[in-house]
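Novice: model the structure of this input:
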Amino acid sequence: MEKSDNKHRYLELREKYPVFTYKNYSVSQCSGGLHIDFQFEAGPDLVFQPRWTIDLGSHAGRVPFDMVPESMAFYLGLIEMVSYWKAFCSPRILIEPHRLSSVEQTWWKNLYRQGLGEFFYMNGIDIPGPEMVEFVFGKDSGPLSGLPSEIPENNDGEILVPVGGGKDSVVTLELLKMSGSRLVPFVVNPRGATKQVVETAVPGENGIVMHRNIEPLLLQLNQEGFLNGHTPFSAMLAFSTAFVARCAGIGHIALSNESSASEPTIPGTGINHQYSKSLDFEQDFRHYMFSYLDKSINYFSFLRPLNELQIAALFSGYRQYHDKFKSCNVGSKTDTWCCTCPKCLFTYIILSPFLTPAELTGIFGRDLFSDEGLLEILEELSGAAGAKPFECVGTIEEVNMALSHVTDQIMEEEGALPVLLNHYRTSSLYEQYRHRDIKKLLCDFDRKHCLRPNFEQIVRRGVAKVCEQ
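Specialist: Numbers count the residues shown, from 1 in each chain. Okay, here's the model as predicted:
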């Protein structure tokens, strides 16, 4: 998506659609799981009724339905709503089912503002302040009843692991196998890569699957010129995993967000494509969950102490996944690497110090370092262009350390460089990073995390393994 100048359209839509309504939500049982239905409205002819279907698999019936509080589903509606509200950016959101406290309102306004930073930037809209939205409530909406009662048999020996089909969740799954806990994969809208990763990591365990649909009306409005752009998917994942863990009686939720996710996409700003993967969001969500959702569930990012280079180094050793994992968003529907996007090139770069050119070509189907058409993306990833791509990619330092290392490696072994690395070798960035020791990053351990001591020790053993390579 190219940057647009939609500021006038933004103001126009806010005036035309002054109120967006969160009308209702419901939870119902279905075979093996639950349906969650929401209703949002921007006017009498603009009604959205998205549905989530959760297949609990072997965990179905484990927690009685009456112990799954509807209040948790209410919060799912608040995070699902952002995908629909952003088409109009109405200045008022009318919430009819329940009221939010003033503290909660501040929390949600911050999430909407931070989580939509990329959306505003790419639409040419100044990042709004408190005037962005006001929450109002229906005359019959009452406060929520407070935290639900704890589930006596909440299983502290099980870990819910969201799996997206990329290298990060693979590393989480493989390292957590050492804990002796039962791993329960959680997949949203499964595709080939996620299914293959789950089957390889936990054979015979189908895990828990959620199907989430986007209302066709929203897609139609996008085609008609209503506002569109990135929403904080990982925030939706946070609330949905908390709900699922409650339904299944699972004690831990282990995300796979690394320390690198906290770096802004636009340097010198708070605009971050990965805001809802950042440490700030993780800490904010943990506080919100303990205060309003369920204080018995341990939500954390297992890979938070690690950087992308360490994750790539670990993943390179899990060869059973090399023909299965996929990180490309462009090729997600066809389960392929498109080989032309920033995510493909970043993954290629970050793995390059640890895999041979032949092994990389075997994964991607071609040598991306030989593709001159990727020069512009290379400059964005390395920081030469001033802003990183709006993708889930590593820090500028990590990219440059990988590029400088593999440039020297190939020069030493082959004498000639492919076009991208030859271009990089003539840049000032190469001179800046070539004398830095990659080992320092590979042996690093970020102490800013939310891991309990037993999980921290597992990650430290992983770091020690990388350090010894």
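
Novice: tell me what the lengthiest helix in the chain is packed against?
Specialist: Scanning the chain for the helix with the most residues, using DSSP state H, yields helix 396-414. The contact analysis (3 or more C-beta pairs under 8 Å, 6 or more residues apart in numbering; DSSP states H and E) places helix 396-414 against helix 308-316, helix 342-351, helix 375-382, helix 419-425, helix 428-433, helix 438-442. No exception for glycine: its C-beta is placed from N, CA and C like everyone else's.

Novice: show me the strands in this structure, by range?
Specialist: Along the chain, counting by DSSP state E, strands occupy 19-30, 33-43, 46-48, 51-55, 92-95, 98-99, 134-137, 142-143, 155-162, 182-188, 208-212, 250-255, 298-301.

Novice: now, of those, which is deepest in the fold?
Specialist: Most buried of the strands of the chain, by mean neighbour count (mean count of other C-beta atoms under 10 Å): strand 250-255, with a mean of 24.

Novice: what helices or strands is it leaning on?
Specialist: strand 155-162, helix 167-176, helix 233-248, strand 298-301.

Novice: can you show me the CA trace of the shortest one as CSV?
Specialist: This points to strand 298-301. What follows is strand 298-301, C-alpha atoms only, in CSV (Å, rounded to 0.1, in the frame of the first residue of the first chain):
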residue,chain,number,x,y,z
ASN,A,298,0.2,-15.9,32.3
TYR,A,299,0.4,-14.0,29.0
PHE,A,300,4.0,-13.3,27.8
SER,A,301,6.3,-13.3,24.8
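
Novice: what about it, distance to the chain center?
Specialist: 14 Å (C-alpha atoms, centre = their mean, to the nearest Å).

Novice: paired strands for it, with orientation please.
Specialist: strand 250-255 (parallel) (DSSP bridges).

Novice: hmm, what's the outermost residue in the protein?
Specialist: The centre of the chain is farthest from one residue, residue 415, which by C-alpha atoms, centre = their mean lies 39.5 Å away.

Novice: flag the shaky bits of this structure, pLDDT-wise.
Specialist: 1, 145-156 (pLDDT under 70).

Novice: what's the domain layout of it?
Specialist: 7-301, 332-444 (automatic domain parsing).

Novice: with distance to residue 453 added, can I get these in a markdown table?
Specialist: Below are the domains of the chain laid out as a markdown table (distance: least, C-beta to C-beta, whole Å):
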| stretch | distance to residue 453 |
| --- | --- |
| domain 7-301 | 12 |
| domain 332-444 | 19 |
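
Novice: show me what contacts the closest residue to residue 366 other than its chain neighbours?
Specialist: Using C-beta to C-beta, 6 or more residues apart in numbering and skipping residues adjacent in sequence, the residue nearest residue 366 is residue 339, 5.7 Å away. Counting by C-beta atoms under 8 Å, 6 or more residues apart in numbering, residue 339 makes contact with 364, 365, 366, 368, 371.

Novice: neighbour-wise, which of those residues leads?
Specialist: Highest neighbour count within the contacts of residue 339: residue 368, with 24 neighbours (other C-beta atoms under 10 Å).

Novice: which residues does that one contact?
Specialist: Contacts of residue 368 (C-beta under 8 Å, 6+ apart): 339, 344, 345, 348, 360, 374, 420.

Novice: rerun at 10 Å
Specialist: 337, 339-340, 344-345, 347-349, 352, 360-361, 374, 377-378, 418, 420 (C-beta atoms under 10 Å, 6 or more residues apart in numbering).

Novice: among these, name the buried ones.
Specialist: 337, 339, 344-345, 347-349, 352, 360-361, 374, 377-378, 418, 420 (16 or more other C-beta atoms under 10 Å).

Novice: still on that earlier bit, so which of the domains of the chain comes closest to residue 450?
Specialist: domain 7-301 (4.3 Å; C-beta to C-beta).
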